[in-house]
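# got a sequence here, can you build the structure:
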Amino acid sequence: MNKSQQMVFSIIVPSYNQGKFISKCLNSISRQQGDFFIDLIIFDGASKDNTVKQIKIFEQSLKKKSTVIKHLGLRFYKNNTVSSNGVSIRWKSEKDRGQSHAINKGFEISKGEILTWLGTDDYYSTENVLQIVTAFFKEHENSNIVFGGALMLDGEENLFNKHIPKEVNISSLLYTEGVAQPSIFFSRKVYETIGGIDESLNYFLDYDYWFRALFAGFTFEKINEYLSVQVYHNACKSCEGDEMFSAFSKEEKAGKKKYKEKLLHESPIAFTKMFLKHSIRARFYSLLERLRLGFIPKIVDRIIFPSPPTTEPPAIPSFYNENKLFYVPKSNQYIKTVNRDKGFSTPILLTFFNRPEHSQRILDSIKELKPTNLYISFDGARSDRPEEFDLCKDVRNLIHEIDWDCNLRTLFQQKNLGCKAAMSYAITWLFMNEEKGIILEDDCLPDQSFFHFCSKLLDHYENETRVMAIEGCNFQKTQRGNASYYFSKYMHVWGWATWRRAWQSYDVNMPTYGITDERSKFMKQFDSKAERDFWNTNFTKTFNGEIDTWDYQWVYSIFRNRGLVVAPNVNLISNIGFGADATHTTQEEDKNSMRKKYSIDYTNLIHPKSIEADLEADKYTRENVFNIKPYDEK
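Take a look at the predicted model:
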């Protein structure tokens, strides 16, 4: 792959009666950000619902107020909703011979050098997916197939699983683990070598294609990211009742048998080694499971799944995924459920660790509010600090003080994840379940009006994508404007709130910052060299893992999306956590420690006349909070 070449992705979307889902799928494609073109091809099988209507609406939105770029004989459209070089759209609704036929029709007219297909009930996990894939192909010019992981949601979009395969090869496809088709991208060379999809298949079509690619000598290379989201609803092919499941199983069994026989014929020694390896492994895990679930569950649980020293409700083991920072299944949640519409219903996330006194003060503030929808995440004790086990135990015991009716969900980490991993996952966990929420760490003590201020503005700006967060801090020495709050480009995370739509742009690993061209373009938004140097230093340290933090990544996401933050005109949060036991705020004499908090009149909020950053406020923040001043003034 030529590094200087502008990449073109051809993405085929086969559809039939998926009007409920197709808009989200198409928007996840068109809103991809980066230096590439997107050749979008939709083949609909003459849907009888509103699918065609949704495609037309999408097409009109794409073409509205667009600049047209002609490339490869196609017309690519670029407007303020398109962050790539341009998106072309070609679509047709006509009767076909099924999904495989629709995909093949798309391949036949595709123009891109990177191909994939995306089901209408699936979508890309973030707006950076194609950028990540582009960077990988440009850095690995001889690669032909890449794969990543997938988040798996039920029909109500609750996460029930997530998976990044360790590898994709003949052995893994036959015996161990699957791979998510929407997270696979392959070169045109693959298509030209093995041809299109086998149209005789309805269910095993993707695995058959991967087997054919592997037997043709292509290798799958891994991107260690969740690239797609798969939604398993009642109408999806993988979920359609016993008869459909039987047909799927029959096709899968026949397909795997075919490729086992092919491997046996072409390489008997490789087949024998693989068979023996997985036969022994399967027997071992079967015996383990029987022991664990049937004969001696308590003994086996203690030996294989040891629990941390904690009290009821217990921290059920979280299975650590070496491919990603963490994976915590739903079994690790203690859930208490009531009517969530009663009382203060905006979801609140508390993140606790090893400071019982601080956590108690935050919880006392929550008791006063009595919210009906509460999430609490607990990081585990560090193995090299035995004194922390009792501290963490004391913090976890605080949940017994939640004696009002509420939906309580708790997340207990068995091992210490650290600030970066624990916080970023806890917030993601919140937004796996909620559209919006308020986040408080164990040292951020709020005024009661903070909660209502956030709740009102979460509703008010729910659909205003320029607004990415609401914060509770105010470091200004004077009121900014005549409204109850102002807008800033700077984010402070001592008590804040946001929406799932904004958090979806967050990536704890900041992959785009590692791309030189992207980083150069990003830095151009800062006016002074002093500010460019400040952020480049901190973002580089974060990207390289030199700082164990999660918040610089959030600041980066807001900057990168040219987002705005709502800031109150009075301070609503007091940080009580400065001291030697803090992770970052270790200086007790810091001027921002224990700042006085005030109340805001949330019943009569005055909104700013326009949605734009207050330049004077940002200048004050830049120079007095971040201590960034032009070099000639220092």
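
# going forward, measure contacts between C-alpha atoms and count neighbours the same way
Fine.

# ok, Asn397 to Lys521 distance?
Spatial separation of Asn397 from Lys521 under the definition Cα to Cα, to the nearest Å is 48 Å.

# need the per-residue pLDDT for the most centrally placed residue in the chain.
Among the residues of the chain, Gln504 comes closest to the average C-alpha position under Cα atoms, centre = their mean, at 5.4 Å. Gln504 is assigned 89 on the pLDDT scale.

# same check on the one 5 residues further on?
As predicted, Asn509 sits at a pLDDT of 86.

# from memory it sits against Phe543, does it?
Yes. Under the contact definition of Cα atoms under 8 Å, Asn509 touches Phe543, with a separation of 6.5 Å.

# now Tyr486: how far from His607?
8 Å.

# the nearest residue to Asp208 once chain neighbours are set aside: what secondary structure?
Leaving out its chain neighbours, the residue that sits closest to Asp208 by Cα to Cα, 6 or more residues apart in numbering is Gly255, at 6.9 Å. The three-state label given to Gly255 by DSSP: H, G, I helix; E, B strand; the rest coil is helix.

# repeat that for Lys477.
Lys477 carries the three-state label coil when classified by three-state DSSP.

# could you measure from it over to Glu616?
The value you get for Lys477 to Glu616, if Cα to Cα is used, is 11 Å.

# Asn397 and Lys521 - which one has more neighbours?
Asn397 (15 against 10; other Cα atoms under 10 Å).

# go ahead and confirm Gln18 touches Thr120.
Yes. Shown here, Gln18 and Thr120 form a contact pair, counting by Cα under 8 Å, at 6.5 Å.

# between the two, point out the one with more neighbours.
Under the neighbour definition other Cα under 10 Å, Gln18 and Thr120 were set side by side, and Thr120 has more, 25 against 22.

# residue ranges for the helices of the stretch 51-200 of the chain, please.
51-63, 99-109, 129-139, 170-171, 188-194 (DSSP state H, counting those that start in this stretch).

# pull the number of nearby residues for Gly19.
By other Cα under 10 Å, 20 other residues sit near Gly19.

# re the thing from before, between Tyr486 and His607, which is the more surrounded one?
Looking at Tyr486 and His607 with other Cα under 10 Å, you find the greater number of neighbours at Tyr486, namely 24 against 14.

# ramachandran coordinates for the more buried one?
phi -140, psi 170 (degrees, to the nearest 10).

# beta-bridge partners for it, please?
According to DSSP bridges, Ala567 are recorded as the beta-bridge partners of Tyr486.

# what about the stretch 301-450 of the chain, any weak spots by pLDDT?
301-342 (pLDDT under 70).

# stretch 123-136: end-to-end distance?
The separation between the terminal residues of stretch 123-136, taken as Cα to Cα, is 20 Å.

# which residues are in contact with that stretch?
Residues external to stretch 123-136 that are found in contact with it (Cα atoms under 8 Å, 6 or more residues apart in numbering): 7, 24-26, 28-29, 31-36, 146, 151, 182, 185, 223, 226-230, 504-505, 511-512, 515.

# filter the residues you listed to the buried ones?
Restricting those to buried positions leaves 7, 25-26, 28-29, 31-36, 146, 151, 182, 185, 223, 226-230, 504-505, 512, with burial counted as 16 or more other Cα atoms under 10 Å.

# quick revisit: the residue nearest to Asp208: how many residues sit nearby?
The local packing of Gly255 (other Cα under 10 Å) involves 18 other residues.

# looks like it contacts Tyr209 (just checking).
No. Checked against Cα under 8 Å, the pair Gly255 and Tyr209 is beyond contact range at 10.7 Å.

# quick one: the residue nearest to Asp208 from Trp117, how far?
Here the distance between Gly255 and Trp117 works out to 21 Å (Cα to Cα).

# could you do Lys64 as well?
Distance of Lys64 to Trp117, computed by Cα to Cα: 25 Å.

# just Leu440 next, same as before
With the distance defined as Cα to Cα, Leu440 ends up 40 Å from Trp117.

# what's the burial count for the closest residue to Gly19 other than its chain neighbours?
On the basis of Cα to Cα, 6+ apart, the spatially nearest residue to Gly19 that is not a chain neighbour turns out to be Thr51, at 3.8 Å. A count of nearby residues for Thr51, using other Cα under 10 Å, gives 23.

# do the same with the one 5 residues further on
Residue neighbour count, defined by other Cα under 10 Å, stands at 12 for Lys56.
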